[in-house]
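Trainee: curious how this folds, go ahead:
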Amino acid sequence: MVGNPKWPPQGDDNDKNIIRQLLYLFALFFFLALLRVVMGMMIGLRFWIGG
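Mentor: I've put the predicted structure just below:
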């Protein structure tokens with residue numbers, strides 16, 4: 001355990017993991033919102049061209 005670099009101390013590595021999870025959730029939320037906007041624009045364009 002002493003010579004293992006993969007064993008992180010319980011210091012700020014936990015905070016880094018929390019920040020990484022928050023960034024991942026934010027990126028996922030942003031991606032879903034962007035996908036929703038793109039789908040809305042596609043449907044709007046279809047109605048605008050069709051109408």
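
Trainee: mind listing the helices for the protein?
Mentor: Taking DSSP state H to define them, one finds helices in the chain at 13-50.

Trainee: pick out the residue closest to the middle of this structure.
Mentor: Compute the mean C-alpha point of the chain, and by Cα atoms, centre = their mean the closest residue is residue 27, 2.1 Å away.

Trainee: return the distance of residue 46 relative to residue 15.
Mentor: 46 Å (Cβ to Cβ, to the nearest Å). C-beta: built from backbone N, CA, C; applies to glycine.

Trainee: try residue 48
Mentor: Applying Cβ to Cβ to residue 48 and residue 15 gives a distance of 48 Å.

Trainee: swap in residue 34?
Mentor: Counting by Cβ to Cβ, the gap from residue 34 to residue 15 is 28 Å.

Trainee: repeat for residue 30
Mentor: From residue 30 to residue 15 the distance is 22 Å (Cβ to Cβ).

Trainee: now residue 41
Mentor: 38 Å.

Trainee: next: residue 23.
Mentor: The gap separating residue 23 from residue 15 is 12 Å, by Cβ to Cβ.

Trainee: what residues of stretch 22-35 count as buried?
Mentor: For stretch 22-35, a neighbour-count test (16 or more other Cβ atoms under 10 Å) marks nothing as buried.

Trainee: just the CA atoms of it, as CSV, please.
Mentor: Extracted C-alpha coordinates of stretch 22-35, given in CSV (Å, rounded to 0.1, in the frame of the first residue of the first chain):
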residue,chain,number,x,y,z
LEU,A,22,-20.8,17.7,-11.1
LEU,A,23,-19.1,18.6,-14.4
TYR,A,24,-20.2,15.3,-16.0
LEU,A,25,-23.8,15.9,-14.9
PHE,A,26,-23.7,19.5,-16.2
ALA,A,27,-22.3,18.3,-19.5
LEU,A,28,-25.0,15.7,-19.8
PHE,A,29,-27.7,18.3,-18.9
PHE,A,30,-26.3,20.7,-21.5
PHE,A,31,-26.2,18.0,-24.1
LEU,A,32,-29.8,17.0,-23.5
ALA,A,33,-30.9,20.7,-23.6
LEU,A,34,-28.9,21.2,-26.9
LEU,A,35,-30.5,18.0,-28.4
